[in-house]
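**Student:** I'll drop the sequence and a predicted model, then ask my questions.
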Amino acid sequence: MSKSLEFYFDFGSPTTYLAHKRLQQLSEQYALQVDYVPVLLGGVFKASGNSSPVTVPAKGSYMLEHDLPRFAKRYGVPLHFNPHFPINTLNLMRGAIAAQRLGCFEVYADVVFDAVWVEGKDMGDPAVVAATLEAAGLDANGLMAASQEPDVKAALLANTEGAVERGVFGAPTLFLDGAMYFGQDRLDFVEEALQAS
């Protein structure tokens, strides 16, 4: 029996990148459908009173130098800290909603996550975004135009507000069978739940 998991995400988070990669692996191992819910992490932080762990220097240093590389090695995926971090992901997240509506989300998500967390691109620069999407065979102009439609902007805002109302305070946050899991380092619990179902 297939399971559906809701994945609240923002491209600007390295832990969310790792969760994206790990969820792809879990989807292949189990009958798991991942429903991506784009949110604006800055909006979630502001509404919940949370902040990025890198704002605490010792914690940020530990995460970037030790914790995240360990998980990348465990999952067998590349990870390179982006020199342009933090990146303003507003248009990227609007683009995610546009890509969902245009039926090209899976490719879009892979391309953007890899551009930020493997290739180190400045994906806050519209010209870089356009070139990256075009190189992947996506309609950059169409996606970027659609991302500025009022209903797409409203959908991202609604997703973000809905996430906060649901108790989300950061990304990645996942819901499986009504249970909430925060952080890519909790995916072992998600896998345990999948094994038990």
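**Tutor:** All right, it came through fine.
**Student:** Could you point out which residue ranges in the chain have low pLDDT?
**Tutor:** 1 (pLDDT under 70).
**Student:** what about the helices in the protein?
**Tutor:** 14-29, 41-48, 57-62, 68-75, 90-102, 105-117, 126-135, 140-146, 150-165, 187-196 (DSSP state H).
**Student:** Switch the ones you listed over to JSON lines; also include mean neighbour count.
**Tutor:** Where you see a C-beta, it was placed from the backbone N, CA and C, and this is true even at glycine. Shown next, in JSON lines, are the helices of the chain (neighbours: other C-beta atoms under 10 Å):
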{"stretch": "helix 14-29", "mean neighbour count": "20"}
{"stretch": "helix 41-48", "mean neighbour count": "18"}
{"stretch": "helix 57-62", "mean neighbour count": "11"}
{"stretch": "helix 68-75", "mean neighbour count": "15"}
{"stretch": "helix 90-102", "mean neighbour count": "22"}
{"stretch": "helix 105-117", "mean neighbour count": "20"}
{"stretch": "helix 126-135", "mean neighbour count": "15"}
{"stretch": "helix 140-146", "mean neighbour count": "16"}
{"stretch": "helix 150-165", "mean neighbour count": "16"}
{"stretch": "helix 187-196", "mean neighbour count": "14"}
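**Student:** Just send the ones you listed back as JSON lines, with distance to F81 too.
**Tutor:** As requested, the helices of the chain are arranged in JSON lines below (distance: least, C-beta to C-beta, whole Å):
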{"stretch": "helix 14-29", "distance to F81": "7"}
{"stretch": "helix 41-48", "distance to F81": "17"}
{"stretch": "helix 57-62", "distance to F81": "10"}
{"stretch": "helix 68-75", "distance to F81": "8"}
{"stretch": "helix 90-102", "distance to F81": "18"}
{"stretch": "helix 105-117", "distance to F81": "8"}
{"stretch": "helix 126-135", "distance to F81": "17"}
{"stretch": "helix 140-146", "distance to F81": "26"}
{"stretch": "helix 150-165", "distance to F81": "25"}
{"stretch": "helix 187-196", "distance to F81": "21"}
